[in-house]
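Peer 1: Model the following, please.
(one chain, ligands or ions: 1)
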Amino acid sequence: MSGYGTAFDLMRDQAGDAWRDYTRHPFVEGLKDGTLPQDAFLHYLRQDYVFLTHFSRAWALAVVKSETHAEMLAAVGTVNALVAREMPLHIGICEAAGISQDALFATKERAENLAYTRFVLEAGYSGDLADLLAALAPCVMGYGEIGRRLGTEKTSDTYADWIGTYAGADYQGACKAAGDMLDAALRRRLGPDFQTSPRWTRLCQTFRTATELEINFWQMGLTP
Ligand SMILES: Cc1ncc(CN)c(N)n1
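Peer 2: Below you'll find the predicted structure:
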């Protein structure tokens with residue numbers, strides 16, 4: 001059990017090998033042992049800054065798709081965590097490496113990046129909050145799982161700031177909140193036994209596609 005909720009655990013199991021390929025990608029293992037080349041890391045961070053811009057918009061769409069005050073509060077909390085806490089990590093590391101915030105904002109978006117965020121946004125535009133959260137979950141909880149594992153298994157401090165952000169209480173709390181939100185949203189829309197709903201298979205497919213797009217994102221990071 002992940003500690004990030006019931007639906008997440010079930011969807012992650014349904015994603016099978018793709019989940020392992022995402023959370024144990026060679027890029028991740030390079031962060032763990034410090035062998036990831038710095039140019040690949042900075043290239044990834046620049047793309048990830050662009051990613052987080054669109055991803056924050058997708059979470060803002062979750063506010064639009066909310067049906068209760070509790071859902072709105074949870075979605076707003078995640079938008080704030082992304083914009084006020086996760087994006088500043090990228091700004092800080094890039095600034096220290098001589099990449100200004102203007103240059104960061106002007107980063108040309110790679111196709112793998114564009115494909116992922118537009119897939120998530122489309123899931124939200126064409127569906128309801130359950131569809132949107134199924135597409136958002138691999139991103140939030142995947143990095144939570146990666147951060148937690150690397151926090152205990154890392155053998156180098158080269159990428160300690162990055163690992164510390166995702167292993168930290170703040171990010172782990174955001175994963176727990178997103179997991180609780182996913183569970184509640186599914187129960188509200190699909191019923192208490194949401195995994196028996198006719199919608200469940202499609203939601204798991206959405207989760208799996210987002211997981212595959214995460215694998216592509218890491219792969220892109222290895223090819224500056
Ligand atoms: C591509 C990607 N996926 C997930 C995360 C974690 N929010 C991220 N920063 N970037």
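Peer 1: Give me every residue in this protein lying close to the ligand.
Peer 2: Residues of the chain that fall close to the ligand, judged by C-beta under 6 Å from any ligand atom: 48, 51-52, 86, 139-140, 143, 214, 217. Where you see a C-beta, it was placed from the backbone N, CA and C, and this is true even at glycine.
Peer 1: Just give me the least confident of those.
Peer 2: Model confidence across the residues of the chain next to the ligand bottoms out at residue 86, which has 94.
Peer 1: Same list, the residues of the chain next to the ligand, but as CSV with secondary structure and neighbour count please.
Peer 2: Putting the residues of the chain next to the ligand into CSV (DSSP: H, G, I helix; E, B strand; the rest coil; neighbours: other C-beta atoms under 10 Å) gives the following:
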residue, secondary structure, neighbour count
48, helix, 19
51, helix, 23
52, helix, 18
86, helix, 21
139, helix, 25
140, helix, 24
143, helix, 22
214, helix, 22
217, helix, 23
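Peer 1: Adding distance to residue 5, write those out as TSV.
Peer 2: What follows is those, written out as TSV (distance: C-beta to C-beta, whole Å):
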residue	distance to residue 5
48	24
51	23
52	22
86	20
139	15
140	11
143	16
214	18
217	23
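Peer 1: just the CA coordinates of the worst-scoring helix or strand of the chain on mean pLDDT, formatted as CSV?
Peer 2: None of the helices or strands of the chain scores lower by mean pLDDT, DSSP states H and E than helix 101-105, at a mean of 93. Extracted as CSV, the C-alpha positions of helix 101-105 are listed here (Å, rounded to 0.1, in the frame of the first residue of the first chain):
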residue,chain,number,x,y,z
GLN,A,101,13.9,33.1,-15.0
ASP,A,102,13.2,34.8,-18.4
ALA,A,103,15.3,32.1,-20.2
LEU,A,104,13.5,29.4,-18.3
PHE,A,105,10.1,30.8,-19.2
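Peer 1: Lovely, talk soon.
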